[in-house]
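Participant: Give me a 3D structure for the following:
(one chain, ligands or ions: 2)
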Amino acid sequence: MSLDIWPQTATWHGGELHLGGIGAVELARVYGTPAYVLDEADFTARARAWLDALPDGDVHYGGKAFLCPEVVRWLDRLGLSLDVCTGGELAVAMAGGMPPERVVFHGNNKSPAELRRAVAWGIGCVVVDSFTEISRLAAIAASLGVRQRVMIRVTPGVDPHTHAFIATGGEDSKFGFSLSAGAAALAVERVTAEPSLELYGLHSHIGSQIFELDAFGTAAARTAEFAAAVGVTRLDLGGGLGIGYTPDDPTPPTPAELLAVLRKETAGLRLAVEPGRSIAGPSTVALYEIGTIKGRFVSVNGGMSDNPRPGMYGAAYTASLANRASDAPPSPFTVVGKHCESGDVLVRDLPLPGDVRPGDLLAVPVSGAYQRSMASNYNHVPRPPVVAVRDGAARAIVRRESEEDLLRLYL
Ligand SMILES: Cc1ncc(COP(=O)(O)O)c(C=O)c1O
Ligand SMILES: N[C@@H](CCCC[NH3+])C(=O)O
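Facilitator: Ligands and ions are numbered 1, 2, ... in the order given. You can find the predicted model right below:
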């Protein structure tokens, strides 16, 4: 059976896609295209599935997947915590009113200014990632008269079989302290020697878009073994659960299935996890308008600036006509963007009705993670809005960028 990759509330009426009870034609008319349409019920259900899978632990949403103040408010209400990894993400957490004690700060090169802001705000935990950072953070916490909770990011030496660019748990990684080379043990010594730091737990994150539960299990077992050796009782085992992007992808494991594997290796320890993609990714559909058709090339009014993933990772997507039904026999098309690069391809070999024409709407599912958050202004293309839909109502939670927004930067 093929994988259902559309958000929970997606329905089709006479060939028109409806999300959250609103038709694609109406969404395009009101908000324009391209636009990311976020199914709030789908996002919320996926976040709840993680909370249900870990009732006695903490779920930190990985904000890098997609973050804005409204999403921060949803997370707060649902009872999730939040993982941020830059001063910018920290600023969004603050703007959304996240309680500071439920925010965890990651990153391999946090600046002194970022650390100071986080500690002064009362952030719950800083995940330290280098010896430089341990001393830097200790000095900052001491100067603010704070005893800062920290987790130590360890590198468990696991190959998660994902794209090399998004694997982080191997020995040759810029992230973390190696367990096998002894750096993690030294980091524990350094942290415990600092009176302004409290060793709160250990963190590991082996990468993203991972389907193999064994890789998560091995990383958890190695981290738990080290935790026992150094007397730590809390583990944050990161994010990384994979999702399907096309109907041909394998069915991903559920949060409950992943947690069963993690728990088996970590008896007696309090766990946290950091899902990003698996909550945000499937919740959102990118809506484009077709502008030109030339041979097999269907050009839409966005492209690599709103979805860099095909170009960066060779990611495969699918798309469907979203505004009408057609009986025309399908033929394979290549969906391309409007940017000045031949590599600006969104979907390859996509069967679309042979009568596809300019003005048609094209919907790309699974567009909620690492798309708006990695969108650029390449070719001075303003970034699309994010429109949340729920129970027949729609509202922009991120507005469309304008050319004035772009020009405002120039002196
Ligand atoms: C430390 C950390 N936590 C959580 C995540 C979220 O991962 P994902 O979106 O794959 O669930 C990432 C990104 O890979 C990460 O680097
Ligand atoms: N940007 C990557 C994921 C990065 C994970 C962040 N730690 C992707 O789109 O797949």
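Participant: from here on, contacts and neighbour counts on C-alpha atoms
Facilitator: Will do.
Participant: need the contact list for whatever residue of the stretch 301-411 of the chain ends up closest to ligand 1.
Facilitator: The stretch 301-411 of the chain approaches ligand 1 most closely through Ala369 (7.2 Å), counting by C-alpha to the nearest ligand atom. Residues in contact with Ala369 (C-alpha atoms under 8 Å, 6 or more residues apart in numbering) are Ala65, Phe66, Gly276, Arg277, Ala280, Gly281, Pro282.
Participant: ok, 6 Å please
Facilitator: Residues counted as contacts of Ala369 (C-alpha atoms under 6 Å, 6 or more residues apart in numbering) are Ala65, Phe66, Arg277, Ala280, Gly281.
Participant: now swap in Leu237 and tell me
Facilitator: Counting by C-alpha under 6 Å, 6+ apart, Leu237 has contacts His203, Ser204, His205, Val273.
Participant: Ramachandran coordinates for it?
Facilitator: Main-chain torsions, Leu237, degrees, to the nearest 10: phi -100, psi 20.
Participant: What pLDDT does the model give it?
Facilitator: At Leu237, the model reports a pLDDT of 98.
Participant: That one and Thr284: what is the separation?
Facilitator: Leu237 is 26 Å from Thr284, where distance means C-alpha to C-alpha, to the nearest Å.
Participant: again, but for Val59
Facilitator: For Val59, the distance to Thr284 equals 21 Å [C-alpha to C-alpha].
Participant: Next: Gly368.
Facilitator: With distances taken as C-alpha to C-alpha, Gly368 is found 5 Å from Thr284.
Participant: element containing Leu259?
Facilitator: Leu259 is part of helix 255-265, with elements assigned from DSSP states H and E.
Participant: quick one: contacts of that helix?
Facilitator: With contact meaning C-alpha under 6 Å, 6+ apart, helix 255-265 is reached by Trp50, Ala53, Gly217, Ala221.
Participant: Which of these sits closest to Asp83?
Facilitator: Using C-alpha to C-alpha, the shortest approach to Asp83 within the contacts of helix 255-265 belongs to Trp50, at 14.7 Å.
Participant: so what's the closest one up against?
Facilitator: So Trp50 contacts Pro255 (C-alpha under 6 Å, 6+ apart).
Participant: burial count for Gly14?
Facilitator: Gly14 has 11 neighbours, counted by other C-alpha atoms under 10 Å.
Participant: Tally up the residues packed near the closest residue to it other than its chain neighbours, please.
Facilitator: Spatially, and ignoring its direct neighbours in sequence, Gly14 is nearest to Ala325 (5.8 Å; C-alpha to C-alpha, 6 or more residues apart in numbering). The number of residues packed near Ala325 is 14, by other C-alpha under 10 Å.
Participant: For Ala325, give me phi and psi.
Facilitator: According to degrees, to the nearest 10, Ala325 has phi -90, psi 160.
Participant: I figured it hits Gly15, correct?
Facilitator: Yes - counting by C-alpha atoms under 6 Å, Ala325 touches Gly15, with 3.9 Å between them.
Participant: what about the helices in the stretch 251-400 of the chain?
Facilitator: For the stretch 251-400 of the chain, applying DSSP state H, counting those that start in this stretch gives helices covering 255-265, 277-280, 309-313.
Participant: nearest to ligand 2, of these?
Facilitator: Ligand 2 sits nearest to helix 309-313 of all the helices of the stretch 251-400 of the chain, at 5.6 Å, using C-alpha to the nearest ligand atom.
Participant: Return that closest one as PDB; C-alpha atoms alone will do.
Facilitator: In PDB, the C-alpha atoms belonging to helix 309-313 read as follows (Å, rounded to 0.1, in the frame of the first residue of the first chain):
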ATOM      1  CA  ARG A 309      16.200  20.300   0.000                       C
ATOM      2  CA  PRO A 310      16.200  18.700  -3.500                       C
ATOM      3  CA  GLY A 311      19.300  20.600  -4.500                       C
ATOM      4  CA  MET A 312      21.100  20.100  -1.200                       C
ATOM      5  CA  TYR A 313      20.300  16.500  -0.400                       C
END
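Participant: I'm done for today, thanks for sticking with me.
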